[in-house]
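Colleague: what follows is a predicted structure for the sequence shown.
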Amino acid sequence: MRPIYYRPILLLLLLLTLTNCGSFSETDNQIPPSALTDYKPQINIQKLWTRYTGAGNGGQTLRLVPAYKDGKIYIADYKGQVQALNARTGKTLWQIDTKTSLSGGPSIHNHKLFLGTRRASIIALNAKNGKELWRTHVNSEVLAVPKAHEGIVVIHTVDGSLYGLDTETGKRKWIFSREEPALTLRGSSTPLIDTSTGTVTVGFANGLLVSLLLATGELQWEVVVTQPRGRSELERITDIDGMPILQDGIMFVSTYQNEVVAISPETGVVIWNRKLATSANLAADWQGLYVSASDGKVWSLDLRSGTAFWKQDALLHRQLTAPAVLGDYVLVGDFAGYVHWLATANGALQIRKKVAKAALTAPPLVIDDIVYWYADNGQLTALSLAKTKPKPKPKAKQLPK
């Protein structure tokens, strides 16, 4: 179960939360996870390299994820360490200590790395050597990955504020805010920047999806994606925690307890919605939309209608990562450090592999033919499909003389 974030001004809600559900942590799981069953592997995968890159997320609900640019992988841990690695070999190229607790990022744009901190600041580093370029204070903790384009880095903070900062100086260009509910998940939606339209779209904890002009922060449209339902405050949580995605001209977004929604990116008009709960990011390709549901089921949905193509329910309650697509496979990781490769055509398990001694909670990062998995203990692993060697041609038989 995802940790719950409350606002101190409403102590009654906190007491209600504790009375009904006890304490909350990322490892809470009232229903035992499904056991892994025997199966026949259909493909081969190979481990290219694995490295311990620091302290990971420390078992906390943070948005520390690997980022890629020009043959390098960038990674950060909650203690403030940031590293650049060779993406093919895992060799460390540089490493620095920011001397603060990191909570979101990194992301990279124009040779700059951007990271959010638990102490309400944004840090920009030189991606070539890790040198700090600037550090700017914001109003609250950053639990979303910063995103940048055209000289503006967009920051989403846990108090419901969205900042547009100058990527060169860190100075504020604009700010947009929406009131957050008293009780929310611990986390924030990572902004989606559409470079073709110059807009940024982000979800809020009150179920609102908002589109702004990237350059000015001017509101383009806003839509209530989901309404509170249920009697208790917990049942009425409507957080949009995942990052919206674009596929085939449609925007897709998910909410914690209610639904997956398809929206027109130009107008915010809802095209379809489907009752399906998840707080993880979505993934998509030309074949469909892929969802890791909160109960551990993996779904493939039709992009145009939301109709289910298939459902894989062999991973129930295994606390799955967001999905990622690599070729003909959709990939998810779980709480025990296993990765599962499913066929995009029908959801059938193709192969599984244990890659870490800790939970996998960060979304997998796919770059070309390699997928990178960042475990909660800081272990970073690169996998790819094993290349099959062509069978040698049989030698021609010698005719007798």
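Modeller: Looks like it arrived, so ask away.
Colleague: and Gly242, how many neighbours does it have?
Modeller: Using other Cβ atoms under 10 Å, the number of residues around Gly242 comes to 25. In this view, the C-beta of every residue, glycine as well, is placed from N, C-alpha and C.
Colleague: OK, contacts around it?
Modeller: Gly242 is in contact with Ser189, Thr190, Gly203, Val253, Ser254, Thr278, Ser279, Ala280, Asn281, Leu282, Ala322, counting by Cβ atoms under 8 Å, 6 or more residues apart in numbering.
Colleague: put the buried members of those residues into a PyMOL selection.
Modeller: The PyMOL selection below is limited to those of the contacts of Gly242 classed as buried (16 or more other Cβ atoms under 10 Å):
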select buried, resi 189+190+203+253+254+278+279+280+281+282+322
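Colleague: counting only strands, which of the contacts of Gly242 make the cut?
Modeller: Gly203, Val253, Ser254 (DSSP state E).
Colleague: Ala382: which of the contacts of Gly242 is nearest?
Modeller: Ala322 (18.1 Å; Cβ to Cβ).
Colleague: the closest one: what's it in contact with?
Modeller: Here Ala322 is in contact with Gly242, Ala280, Asn281, Leu282, Ala283, Ser292, Val332, Pro363, Pro364 (Cβ under 8 Å, 6+ apart).
Colleague: now with 10 Å?
Modeller: By Cβ atoms under 10 Å, 6 or more residues apart in numbering, the contact set of Ala322 is 65, 242-243, 254, 278-283, 290-292, 331-333, 361-364.
Colleague: tell me the phi and psi of it?
Modeller: Phi and psi for Ala322, reported as degrees, to the nearest 10, are phi -60, psi 150.
Colleague: again, but for Gln379
Modeller: Dihedral angles for Gln379 - degrees, to the nearest 10 - are phi -80, psi 130.
Colleague: I'd say it and Lys47 touch.
Modeller: No - at 11.6 Å, Gln379 does not count as touching Lys47 under the criterion of Cβ atoms under 10 Å.
Colleague: shared neighbours, these two?
Modeller: With Cβ under 10 Å, 6+ apart, Gln379 and Lys47 have common neighbours Val355.
Colleague: tell me where the stretch 1-150 of the chain has helices.
Modeller: Here the stretch 1-150 of the chain has its helices, by DSSP state H, counting those that start in this stretch, at 11-21.
Colleague: all strands of it, in order?
Modeller: Remark: strands assigned in the stretch 1-150 of the chain by DSSP state E, counting those that start in this stretch are 4-6, 45-52, 63-64, 67-69, 72-76, 81-86, 92-97, 102-109, 112-117, 121-126, 132-137, 147-149.
Colleague: same question for the second one: list its buried residues.
Modeller: Okay, so that is strand 45-52. Across strand 45-52, burial judged by 16+ other Cβ under 10 Å covers Ile45, Leu48, Thr50, Arg51.
Colleague: of the contacts of Gly242, which is the nearest to Val142?
Modeller: Thr190 (10.5 Å).
Colleague: quick check, pLDDT for that closest one.
Modeller: What the model reports for Thr190 is a pLDDT of 91.
Colleague: my read: it touches Leu162, true?
Modeller: No - if you go by Cβ under 10 Å, Thr190 and Leu162 don't touch, sitting 11.2 Å apart.
Colleague: which neighbours do those two share?
Modeller: Contacts common to Thr190 and Leu162, judged by Cβ under 10 Å, 6+ apart, are Ala144, Val154, His156, Val202.
Colleague: can you put these in JSON lines and add neighbour count?
Modeller: JSON lines is the format used below for the shared contacts of Thr190 and Leu162 (neighbours: other Cβ atoms under 10 Å):
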{"residue": "Ala144", "neighbour count": "26"}
{"residue": "Val154", "neighbour count": "28"}
{"residue": "His156", "neighbour count": "30"}
{"residue": "Val202", "neighbour count": "26"}
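Colleague: of all those, which two lie farthest apart?
Modeller: Maximum distance among the shared contacts of Thr190 and Leu162 (Cβ to Cβ): 9.1 Å, for Ala144 and Val154.
Colleague: now the chain, which segments are flagged as low pLDDT?
Modeller: 1-29, 180-187, 226-239, 256-258, 388-401 (pLDDT under 70).
Colleague: and it, what are its domain boundaries?
Modeller: 1-30, 37-60+281-387 (automatic domain parsing).
Colleague: mind putting the shared contacts of Thr190 and Leu162 in JSON lines, distance to Tyr74 included?
Modeller: Shown next, in JSON lines, are the shared contacts of Thr190 and Leu162 (distance: Cβ to Cβ, whole Å):
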{"residue": "Ala144", "distance to Tyr74": "17"}
{"residue": "Val154", "distance to Tyr74": "18"}
{"residue": "His156", "distance to Tyr74": "20"}
{"residue": "Val202", "distance to Tyr74": "23"}
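Colleague: and which of these is nearest to Ile73?
Modeller: Here the nearest of the shared contacts of Thr190 and Leu162 to Ile73, counting by Cβ to Cβ, is Ala144; it sits at 20.3 Å.
Colleague: distance of the closest residue to Val82 other than its chain neighbours relative to Ala87?
Modeller: Nearest non-adjacent residue to Val82, counting by Cβ to Cβ, 6 or more residues apart in numbering: Ala76, 4.7 Å away. Taking Cβ to Cβ, to the nearest Å as the measure, Ala76 falls 16 Å from Ala87.
Colleague: again with Val154
Modeller: 25 Å.
Colleague: ok, now Ala358?
Modeller: Using Cβ to Cβ, Ala358 is found at 22 Å from Ala87.
Colleague: so which bits of stretch 201-215 are buried?
Modeller: Residues 201-212, 214-215 are the ones in stretch 201-215 that count as buried (16+ other Cβ under 10 Å).
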